[in-house]
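> Provided below are the primary sequence and the corresponding predicted coordinates.
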Amino acid sequence: MKDIVGSPGTWSGLALRVSQVVCAMGSLVAMAIAFGFSNYSAYFYLTFAMCLEILWSFALMCVDIHALKHNWDLHKIGLAWMYVLGDWIFGLGAFTAASAAGGLDILMERDVHFCTTYPYLSCSGYRISVILSCMAWSFLATSAASSFFLLSSLL
């Protein structure tokens, strides 16, 4: 069996998980600093999805660290199924949240001009949070794809 870049228990897989946690945390911090995000359901859903992504990615990051430290092999069929299902479920939630928040950001900025009408809204904070959540989703999608390729090589 060939090693797959980004698969669980490898240094590249650990780098993907660390990147997911860092981008999702940055998204949460940017949203927490922004004023009035809880008034809009898309931004509230984005914070909820990023919290779930942080929990999932941090747990798997800890598993990767432990596996690398103790030289464990995580390339087993049962673990691969867990990684694939979890990554795809949390990835779908993160993608829908980032898309909804991005759509709301475009609506507020360009269509109805809320950002110029109501200067107390932190539109730049919303935008930074959406960008970081899209980056976190892209790292999650990459690790989901590598887990899927690992699963297909094990079957």
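Cool, got the structure. What you see is a predicted model, and the numbers here were worked out from it, not measured in a lab.

> next SSE after the helix or strand harbouring Val63?
Taking DSSP states H and E as the definition, Val63 sits inside helix 41-70. Next in sequence after helix 41-70, counting helices and strands by DSSP H and E, comes helix 77-106.

> and that following helix, what's buried?
In terms of neighbour count (16 or more other Cβ atoms under 10 Å), helix 77-106 has its buried residues at 79-80, 83-84, 86-88, 90-91, 93-95, 97-102, 104-105. C-betas here are computed from N, CA, C, even on glycine.

> how far away is Arg110 from Arg127?
As defined by Cβ to Cβ, to the nearest Å, Arg110 lies at a distance of 11 Å from Arg127.

> please apply the same query to Ser152.
For Ser152 relative to Arg127 (Cβ to Cβ), the value is 37 Å.

> neighbours around Ala59, how many?
12 (other Cβ atoms under 10 Å).

> what's the weakest-modelled helix or strand in this structure?
When the helices and strands of the chain are scored by mean pLDDT, DSSP states H and E, helix 114-117 comes last with a mean of 80.

> which other residues reach that one?
Applying Cβ atoms under 8 Å, 6 or more residues apart in numbering, the contact partners of helix 114-117 are 108-109, 121, 123.

> and which of the residues you listed is nearest Cys23?
Cys123 (20.0 Å; Cβ to Cβ).

> these two touch, right, the closest one and Leu104?
No - with contact defined as Cβ atoms under 8 Å, Cys123 does not reach Leu104; the gap is 10.5 Å.

> for burial, what's the neighbour tally of Ser41?
For Ser41, the neighbour count with other Cβ under 10 Å is 11.

> kindly report the same for the one 4 residues further on.
Taking other Cβ under 10 Å as the neighbour definition, Tyr45 ends up with a count of 17.

> do the same with Leu60
24.

> go ahead and confirm it touches Arg17.
Yes - the pair Leu60 and Arg17 passes the contact test of Cβ under 8 Å, sitting 5.4 Å apart.
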